[in-house]
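Enquirer: what shape does this take:
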Amino acid sequence: MISAVLLVLCLLIFSFMFLYQKAVLTKTASYVAQQGAEIWADSRKVVENGHYDSTQSRDGLYYHIFDDSLLSHRKSTEKINSSGDIDVLVKKYKSVGREQIQEKKFAEIKRGICIELKRALLKPELTEVTINFSNQLIQRKIEVNLKQEIKIPLGQLNRFFGGKSTLTVQGKGIGTVAEPAEYIRNVDLGIEYASRAGAVTDIGGIIDLIKGRVGGK
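Expert: Okay, the predicted model is just below:
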């Protein structure tokens, strides 16, 4: 009788720990996606708090065109085999250079994920990190997907019935990159070019000429 009570109690405790793990994963994906969108506009920022790293230089003036996957999609993945790898990865991502601006930003986002995952209670057998970045000119979006395989009590029994001795927990977050100043500059530039083109080309005269020719026919 006591053994059955202890078993039920242990399973109940594990259930609460599993729910907490799910909450941590969801919160991590959502938070890091938002922070990733923040640092994407300026890679001098650090993912933990958005503060500027004074040792870093600014992104190139035309990085939006040449280094930001204009009208395309980029994907970066990482597999973490154990909790012991997290500290190693944090140092690894921190040391990524600035030769490729996007790689630097992906590395900073992954570093933020690793820092947040250290808050979890359960130690997963495997953590899969997937970061998707899309740049459709009007909107730039960062999507963070996290998936963990958690070993469960009586896993061998679960493998017999369900095919594996782990449970899968997932979290997803989306952040939108916003640069109001850049948007305003682009609009002003477009208006200026349009006004210059109008000054050089007599649009009204061309339209009247076309109407006259059509009317003459």
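Enquirer: low-confidence ranges, the chain, go.
Expert: For the chain, the stretches with pLDDT under 70 are 1, 82-88, 90, 92-99, 154-163, 198-217.
Enquirer: can you get me a residue count around residue 137?
Expert: For residue 137, the count of nearby residues is 8 (other CB atoms under 10 Å). Quick note: C-beta positions are derived from backbone N, CA and C, even for glycine.
Enquirer: now do the SS call for it.
Expert: Assigned by DSSP: H, G, I helix; E, B strand; the rest coil, the conformation of residue 137 is coil.
Enquirer: now the residue most central in space within the chain: how far from residue 181?
Expert: The centre of the chain sits closest to residue 142, judged by CA atoms, centre = their mean, with a distance of 3.8 Å. Distance of residue 142 to residue 181, computed by CB to CB, to the nearest Å: 19 Å.
Enquirer: residue 6 too?
Expert: For residue 6, the distance to residue 181 - CB to CB - is 61 Å.
Enquirer: over to residue 46?
Expert: 20 Å.
Enquirer: who's more crowded, these two?
Expert: Remark: of residue 46 and residue 181, residue 46 carries more neighbours, 18 against 9, as counted by other CB under 10 Å.
Enquirer: excluding sequence neighbours, find me the nearest residue to that one.
Expert: Spatial nearest neighbour of residue 46, excluding adjacent residues (CB to CB, 6 or more residues apart in numbering): residue 53 at 5.6 Å.
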